[in-house]
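Participant: Sharing a sequence plus its predicted fold:
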Amino acid sequence: MQPEPEIETRTASWNDLTTTLLYAILKLRVDVFVVEQNCPYPEIDGRDTEPGTRHLWLQRGDEILAYARVLDDGDALRIGRVLTDRKQRGDRLGQRIMTEALAIVGNRRSVLDAQAHLARFYGGFGFQQTGPEYLEDGIPHIPMLREGSSPAR
């Protein structure tokens with residue numbers, strides 16, 4: 001019996017994604033955000049292809065276990081589409097993918113729109129609520145900010 005492959009952290013811009021990898025990423029995002037959360041919405045939102053976007057994921061062999069993307073909003077970097085494959089939840093991969101996203105952000109200001117039940121999770125990374133709870137696609141969300149020590153590039 002061979003040992004299970006190591007979990008690797010990967011990051012890429014849009015142009016560096018292969019079609020096979022892009023398919024796997026989009027399938028997982030749709031599986032979690034559209035199917036699992038029963039939330040029909042335009043998951044492919046046009047921001048994946050922006051020049052400043054960084055895609056990051058945790059991978060074991062050919063399987064993507066967790067994913068997030070970092071977008072350049074000008075005055076801040078936006079962390080979004082944070083997810084862990086349903087089969088991998090409980091393995092602390094959410095913490096690991098957020099740590100990796102914050103490594104990309106560095107000391108810059110960052111924002112995210114947290115599903116309300118995850119506000120405490122993101123608070124553990126230094127994010128603070130910046131506005132009232134609101135509904136997005138029927139799911140309660142909270143805008144959150146993590147101040148950085150240098151402006152976004």
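Facilitator: Yep, it's here. Residues are numbered from 1 along each chain as shown.
Participant: okay, residue 122: pLDDT?
Facilitator: The score at residue 122 is 96. That number is its pLDDT.
Participant: From residue 146, how far off is it?
Facilitator: Noted for residue 122: a distance of 8 Å to residue 146, by Cβ to Cβ, to the nearest Å. In this view, the C-beta of every residue, glycine as well, is placed from N, C-alpha and C.
Participant: Could you do residue 62 as well?
Facilitator: Residue 62 is 33 Å from residue 146, by Cβ to Cβ.
Participant: more neighbours, those two?
Facilitator: Between residue 62 and residue 146, counted using other Cβ atoms under 10 Å, residue 146 has the larger neighbour count: 20 against 9.
Participant: For that one, which residues are in contact?
Facilitator: Counting by Cβ atoms under 8 Å, 6 or more residues apart in numbering, residue 146 makes contact with 102, 105, 109-111, 125-128.
Participant: ok, now residue 55?
Facilitator: 11-14, 17, 25, 48, 67, 69.
Participant: out of those residues, which are buried?
Facilitator: Neighbour-count burial (16 or more other Cβ atoms under 10 Å) applied to those gives 11-12, 17, 25, 48, 67, 69.
Participant: With pLDDT, secondary structure and distance to residue 136 added, can I get the residues you listed in TSV?
Facilitator: Shown next, in TSV, are those (pLDDT from 0 to 100; DSSP: H, G, I helix; E, B strand; the rest coil; distance: Cβ to Cβ, whole Å):
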residue	pLDDT	secondary structure	distance to residue 136
11	96	strand	26
12	96	strand	27
17	95	coil	26
25	92	helix	21
48	94	coil	18
67	96	strand	19
69	97	strand	17
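Participant: need the longest helix for the protein.
Facilitator: helix 93-105 (DSSP state H).
Participant: Remind me what it packs against, helices and strands.
Facilitator: strand 7-12, strand 54-60, strand 63-72, strand 77-84 (3 or more Cβ pairs under 8 Å, 6 or more residues apart in numbering; DSSP states H and E).
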